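# A predicted structure for the sequence below; I have some questions about it.
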Protein chains: 2
Amino acid sequence: MLTRIDHIGIACRNLDETVRFYRETYGFEVTHEEVNEEQGVREAMLRINGTDDGGASYLQLLEPIREDSPVARFLARNGEGVHHIAFGTADVAGAAAAVGGRGVRVLDAAPRSGSMGSLITFLHPKDCGGVLTELVQAREDGPGH
Amino acid sequence: MLTRIDHIGIACRNLDETVRFYRETYGFEVTHEEVNEEQGVREAMLRINGTDDGGASYLQLLEPIREDSPVARFLARNGEGVHHIAFGTADVAGAAAAVGGRGVRVLDAAPRSGSMGSLITFLHPKDCGGVLTELVQAREDGPGH
């Protein structure tokens, strides 16, 4: 059902500085940058490795673009650090339904838009041992690809 | 230098219950369990996917076995959740030296024993944007494999 670690989401105050840290320290490069207005973040995806389901694993660096965004609230409460983890699946709606049927609260009634044209949903961290958990169907995971 | 997300380390209060959550919710299975006396934890490794460097990505579930262990202190301060992230490398000593040369404090003078016969070192989270970061040389990454 879930076939890879798709990404680790990291909250930061300054995206450009954090991108520079990961490039200069480890040599990781930005694959993609975008603004997600709905989630109130500017983000960069750094591809770390390919995965045996045909996908890849990324770091997702997240800077809030407004003070009422979830990532801004996370930073105010916790400071910079790991914000969430995400598992990849070929069918995010089916995986969300399955996980919901096992008693985990799914935070989105229907999948919404994530990075790089993906479809995503979040699970309630209190039902996941304190870990904010995301399910991701990459654009290339979907039908027709 | 760093070729995969090796694992995500998750601190929990009850390893058996947390293993059961990941198995029943997502179908993830335990690949390996061990006690690391030096770090004061009992841990389970759940293999999520293979990686294109010949390794794999895991969740590492960590339960403290004594109150003065770093994971016990993390739980007291933060509650359950993501404790650290780890990148895989074929040469942990070389990677640590390179990263140290770029101004990041390496927390171990020499690599020490990690899960499944690996060699590991930790980097100071204050130098890594709030992310406790580990470098891992899996047993199969090393010479002769």
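Nice, thanks for sending it over. Residues are numbered from 1 along each chain as shown, chains lettered A, B, ... in the order given.
# chain A: strands as residue ranges?
Using DSSP state E, the strands of chain A run over residues A:4-11, A:30-36, A:41-50, A:56-64, A:81-88, A:112-113, A:119-123, A:133-137.
# pick the most deeply packed of those.
Highest mean neighbour count of the strands of chain A: strand A:4-11, a mean of 27 (counted as mean count of other C-beta atoms under 10 Å in any protein chain shown). To be clear about C-beta, it is placed using only N, CA and C from the backbone, and glycine gets the same treatment.
# distance from that one to the middle of the chain?
Centre-to-centre, strand A:4-11 and its host chain are 5 Å apart (C-alpha atoms, centre = their mean, to the nearest Å).
# so in that sheet, which strands flank the helix-or-strand element of chain A with minimal mean pLDDT, and in what orientation?
One helix or strand of chain A scores below all others by mean pLDDT, DSSP states H and E: strand A:112-113, with a mean of 94. Strand A:112-113 pairs in its sheet with strand A:119-123 (antiparallel), by DSSP bridges.
# quick one: contacts of the partner strand?
Outside strand A:119-123, the residues that touch it by C-beta atoms under 8 Å, 6 or more residues apart in numbering or on different chains are A:84, A:86, A:92-93, A:96, A:99, A:104-108, A:111-114, A:132-137, A:142.
# next, the angle strand A:81-88 makes with it.
Counting by axes from the mean of the first three to the mean of the last three C-alpha atoms, to 10 degrees, strand A:119-123 points 120 degrees away from the direction of strand A:81-88.
# and the closest residue to residue A:136 other than its chain neighbours, how far is that from residue A:85?
Spatial nearest neighbour of residue A:136, chain neighbours left out: residue A:6 (4.4 Å); criterion: C-beta to C-beta, 6 or more residues apart in numbering or on different chains. Separation of residue A:6 from residue A:85 (C-beta to C-beta, to the nearest Å): 9 Å.
# what touches both of the two?
Joint contacts of residue A:6 and residue A:85 (C-beta under 8 Å, 6+ apart) are residue A:134.
# between the top helix by length along chain A and strand A:4-11, how many degrees?
Looking across chain A with DSSP state H, the single longest helix is helix A:15-26. Counting by the same axes, to 10 degrees, helix A:15-26 points 120 degrees away from the direction of strand A:4-11.
# is chain B within reach of helix A:15-26?
Yes - using C-beta under 8 Å from any C-beta of the partner chain, helix A:15-26 comes into contact with chain B via A:18, A:21, A:24, A:25, A:26.
# need the mean per-residue confidence for stretch A:137-145.
Mean pLDDT, stretch A:137-145: 71.
# sorry, that was for stretch A:117-128
Mean pLDDT, computed over stretch A:117-128, is 97.
# can you give me the end-to-end span of it?
Using C-alpha to C-alpha, to the nearest Å, one end of stretch A:117-128 lies 26 Å from the other.
# isn't residue A:61 up against residue A:18?
Yes - using C-beta atoms under 8 Å, residue A:61 is in contact with residue A:18, at 5.1 Å.
# can you list the residues of chain A near chain B?
Checking chain A against chain B by C-beta under 8 Å from any C-beta, the hits are A:1-5, A:8, A:10, A:12, A:18, A:21, A:24-28, A:48-53, A:57, A:59, A:78-82, A:85, A:87, A:99, A:102, A:104, A:125, A:128-131.
# show me what contacts the nearest residue in space to residue A:138 that is not next to it in sequence?
Leaving aside its chain neighbours, residue A:138 sits nearest to residue A:118 (5.0 Å; criterion: C-beta to C-beta, 6+ apart). Contacts of residue A:118 were listed using C-beta under 8 Å, 6+ apart, and they are A:136, A:137, A:138, A:139.
# what number of residues are in the vicinity of the closest residue to the last one other than its chain neighbours?
Using C-beta to C-beta, 6+ apart and skipping the chain neighbours, the partner closest in space to residue A:139 is residue A:117 (3.8 Å). Residue crowding around residue A:117 was assessed by other C-beta atoms under 10 Å in any protein chain shown; the count is 13.
# pretty sure residue A:117 contacts residue A:136?
No - between residue A:117 and residue A:136 no contact is recorded; they are 10.9 Å apart, counting by C-beta under 8 Å.
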